[in-house]
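1. quick one: sequence plus predicted model below, questions after.
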Amino acid sequence: MAAFFDMDRTVVLANTGRLYARDLRRRGEIGLAASLRVGVVLLRYKLSLVDMNRVMNEAALSVKGWPEADMVSRCAEIFDRDVRPAISSAAVEAIESHRRSGHRIALLTASTQYMTRQLSECLGISDYLCTRLEVSEGHFTGACQQPLCFGEGKVTWAKRYADQHGIDLAASYFYTDSYSDLPMLEAVGHRRVVNPDPRLRLHAYRAKWPVLLFRR
């Protein structure tokens, strides 16, 4: 049995994409107009109205040719300054409860490996499934590994993980805030809706799924 945890607005009470964009703005690498466009994308993401394949492909192209080492160090800095203080103590308690029960624990997120790895190391979680930017000879190629770890893609990666580790996915848990994760919620036996967006809150109410509020 496994317990899968989404990252943004579930374990971390913030959207790490927004924090990354804020850092770009702080560094002067994007202007106000670009920052506002990011805000619109994140709002559409919260409402599960965004074309994530297009968004992530554009994001991957925007860093084409960058040294991967630069992204690693940048995300480590953002994590320590902005993400670590936003980790939910309630989420940590839930993770520790599953750990005491002998469940395998994995982060399952649409975010890239750079912020996800920081969180996994911070919480002592050895396994994480995420969207991965492709790298060749230490530089980004401008592409993402397919399928993205989003929507049905999360189910694909979770099933592969379950097969590798002899896990019964139908007996496992999944914690998330997002309606876009509905396919993964329906794939597990124990659904844990956390800080839900409006569409997921309504769906959970109709389906009589447990709704949890995680706070700092």
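-> Good, I have the coordinates. The model shown is predicted, which means the values in this text are computed figures rather than measured ones.
2. next, count neighbours for Met23.
-> Met isn't right for residue 23; it's Asp. Neighbour count of Asp23, defined by other C-beta atoms under 10 Å: 17. For the C-beta atoms, the positions are set from N, CA and C on the backbone; glycine is no exception.
3. and the residue nearest to it when sequence neighbours are not counted, how close does it get to Thr16?
-> Once flanking residues are discounted, Asp23 sits nearest to Ile78: 5.2 Å by C-beta to C-beta, 6 or more residues apart in numbering. Look at Ile78 and Thr16: by C-beta to C-beta, to the nearest Å, they are 8 Å apart.
4. need the nearest residue in space to Val211, chain neighbours excluded.
-> Once flanking residues are discounted, Val211 sits nearest to Val193: 4.8 Å by C-beta to C-beta, 6+ apart.
5. okay, and the one you found sits in which element?
-> strand 190-194 (DSSP states H and E).
6. helices of this protein, residue ranges please.
-> For the chain, the helices defined by DSSP state H cover 16-27, 32-46, 52-62, 68-78, 89-100, 113-123, 152-165, 182-187, 198-207.
7. which stretch among these comes nearest Thr131?
-> helix 52-62 (6.2 Å; C-beta to C-beta).
8. by contact count, what packs against that closest one?
-> helix 32-46, strand 139-144 (3 or more C-beta pairs under 8 Å, 6 or more residues apart in numbering; DSSP states H and E).
9. ranking the helices of the chain by mean pLDDT, which is last?
-> With a mean of 56, helix 32-46 has the lowest mean pLDDT of the helices of the chain.
10. still on that earlier bit, for the helices of the chain, give me TSV that also has distance to Leu213.
-> Converted to TSV, the helices of the chain look like this (distance: least, C-beta to C-beta, whole Å):
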stretch	distance to Leu213
helix 16-27	20
helix 32-46	17
helix 52-62	26
helix 68-78	26
helix 89-100	8
helix 113-123	20
helix 152-165	23
helix 182-187	17
helix 198-207	11
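11. not counting residues beside it along the chain, what's closest to the residue nearest to the spatial centre of the chain?
-> The centre of the chain sits closest to Thr109, judged by C-alpha atoms, centre = their mean, with a distance of 2.7 Å. Distances taken as C-beta to C-beta, 6+ apart place Met7 nearest to Thr109, at 3.9 Å, with adjacent residues excluded.
12. which other helices and strands contact the lengthiest strand in the chain?
-> If you go by DSSP state E, the chain has its longest strand at strand 104-112. Other elements packing on strand 104-112 under the criterion 3+ C-beta pairs under 8 Å, 6+ apart are strand 2-5, helix 89-100, helix 113-123, strand 127-131, helix 152-165.
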